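Asks: attaching a predicted model along with its sequence, questions to come.
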Amino acid sequence: MDARLAGLALLLRLDTDLLANCLQGLTEADTWRRPQAGGNCVGFLVAHLVDARRHLATLLGHPFRSAVTDAIATARTAEDVERAVTFGQLREAWAAVSAHLDGALESVATARLDSTCEERLPVDDPSVLGAAAFLAQHDAYHVGQVALLRRQLGHPAMPYGRGQGRR
């Protein structure tokens, strides 16, 4: 692994476990229940996170396909998603894209990281490495949103232990 990715890989691996922890104990109904104050539901946020990780893997030169990302391809909000995505499919897609991304981070070429990212993201570094940094932060932001929604749905706070949500 390129040494510049080591810290980002650690954060992404932590987020892999934390999102799984957030999903622990949720039900199918919880997944698509909208918060009373408005905003997106857990299901949409998880699908969005799967898609963002798919996008990062693609930027790193390791494309990934998922039925979940196909289901939300044109969606901007939960209302735009056809509820064909189940809670189980979301969990499986999260595990699959996370494992795929972990492999992509291990094998990405240095030249790829240094190349210019065609997509403009709100970071000063226009390289693929800069895009990876932004997408790692984006990942953590949305994991935090899911943790908050979990509490709003009446579940206990997300446990911080590693690997708990994969059991």
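Replies: Sure, I can see it.

Asks: CA atoms for contacts and neighbours, from now on please.
Replies: OK.

Asks: so which bits of stretch 123-131 are buried?
Replies: Residues of stretch 123-131 classed as buried: 125-131 (neighbour count, 16 or more other CA atoms under 10 Å).

Asks: residue 68 contacts residue 49, correct?
Replies: No. Using CA atoms under 8 Å as the test, residue 68 is too far from residue 49 to be in contact (10.2 Å).

Asks: if we can go back for a sec, which ones among the buried residues of stretch 123-131 map onto helices?
Replies: 128-131 (DSSP state H).

Asks: right, and out of those residues, which lies closest to residue 89?
Replies: residue 131 (27.2 Å; CA to CA).

Asks: ok, and the closest non-adjacent residue to the residue nearest the centre of the chain?
Replies: Residue closest to the mean C-alpha point of the chain, counted by CA atoms, centre = their mean, is residue 49 at 2.7 Å. Nearest-residue entry for residue 49: residue 139, 6.5 Å, with adjacent residues in sequence omitted and distances by CA to CA, 6 or more residues apart in numbering.

Asks: quick one: residues contacting that neighbour.
Replies: 12, 15, 49, 52-53 (CA atoms under 8 Å, 6 or more residues apart in numbering).

Asks: do residue 12 as well
Replies: If you count contacts by CA under 8 Å, 6+ apart, then residue 12 has 136, 139-140 around it.

Asks: sorry, back to before: any figure for the gap between the residue nearest to the centre of the chain and residue 105?
Replies: Per CA to CA, to the nearest Å, residue 49 is found 17 Å from residue 105.

Asks: mind listing what's buried along the worst-scoring helix or strand of the chain on mean pLDDT?
Replies: Using mean pLDDT, DSSP states H and E, the weakest-scoring helix or strand in the chain turns out to be helix 67-71, at a mean of 81. Buried residues in helix 67-71, counted by 16+ other CA under 10 Å: 68-69, 71.
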